[in-house]
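**Q** how does the following fold in three dimensions:
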Amino acid sequence: MTLEDECLLYSASSGNEVCGLILNNTHLVRCENVHPQPSQHFRISDEDWIKAETAGEITAVFHSHPNPKLVLSPADRTAQIATGIDWWLASAGLLRKIRPVPHLLGRRFIHGITDCYTLFRDAYHLCGIDLPDFERTNGWWLRGENLYLKNMAANGFYEVSAADIQPGDVIIRRAFPEADPCHAMIWLGNNTILHHEVYGRLSRREQLRRIYAPLIHSIWRHEQCSSLDLRGIYDDISARSL
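**A** Okay, here's the model as predicted:
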């Protein structure tokens, strides 16, 4: 039995959230859920955590959601960022491994580290679709490299019309009319976008402003869009606002 299979079997053993700690990426230590509302939340005791630490390196936290929801709740996201390690989540017979990405809102712009693609990639990761990173050097949008268009098509995205746009689609636009398409904005519906634009601006959720319209190049949808659970974004935003 693989470690992943063991986690799924454990998650099916109770109607409450079950929890545990992954040691050395190879072993599951089952822990008692000491939260007063175990059907909705989990908590690992200090005693269980310390005991696990003495047995090996804690490389991930594992827990389950009894109701079908394969994204982290606001409380989960707050706790995950505090631990700084991967979290494994089981729900409805599926298992996801979630990286401890920073909160989506309020990030400072550092090109190639925390930029518009990082935000787009991390948001999709929290929502259930994993995308690769790619190397990018400053000014690529002025050199005809077309990194966004090349990587969108190469990683399961296809172009859709503005009339067909739906929440989760990605809007690619130019910074100014003469530049290559170089900026990604996730459409959240109700004329709202999530994006991270230019130096000195924090990542944010805001209304799609009219000044962006002439700069929009194209709109893209992932071929696995049915697996994209936008609660991963909304719950992270809720956690950030607490």
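
**Q** buried set for the least confident helix or strand in the chain by mean pLDDT?
**A** In the chain, no helix or strand scores lower on mean pLDDT, DSSP states H and E than helix 147-154, which sits at a mean of 90. Buried residues in helix 147-154, defined by neighbour count with 16 or more other CB atoms under 10 Å: 147, 148, 149, 151, 152. Every C-beta, even on glycine, is put in place using the N, C-alpha and C of the backbone.

**Q** tell me the one of the residues you listed nearest residue 182?
**A** Distances from residue 182 to the buried residues of helix 147-154, taken as CB to CB, are shortest for residue 148 (6.4 Å).

**Q** got the buried residues of helix 147-154 as TSV, with distance to residue 79 columns?
**A** Conversion of these to TSV gives the following (distance: CB to CB, whole Å):
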residue	distance to residue 79
147	35
148	34
149	38
151	32
152	33
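
**Q** sorry, back to before: for the least confident helix or strand of the chain, enumerate the helices and strands it packs against.
**A** In terms of contacts (3 or more CB pairs under 8 Å, 6 or more residues apart in numbering; DSSP states H and E), helix 147-154 is packed against strand 170-174, strand 181-189.

**Q** again, only this time at 10 Å
**A** For helix 147-154, the contact count by 3 or more CB pairs under 10 Å, 6 or more residues apart in numbering; DSSP states H and E identifies helix 116-127, strand 157-160, strand 170-174, strand 181-189, strand 216-222 as packing neighbours.

**Q** and those as a markdown table, adding mean neighbour count and mean pLDDT?
**A** As requested, the helices and strands packed on helix 147-154 are exported to a markdown table (neighbours: other CB atoms under 10 Å; pLDDT from 0 to 100):
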| stretch | mean neighbour count | mean pLDDT |
| --- | --- | --- |
| helix 116-127 | 22 | 97 |
| strand 157-160 | 16 | 97 |
| strand 170-174 | 21 | 95 |
| strand 181-189 | 21 | 95 |
| strand 216-222 | 19 | 97 |
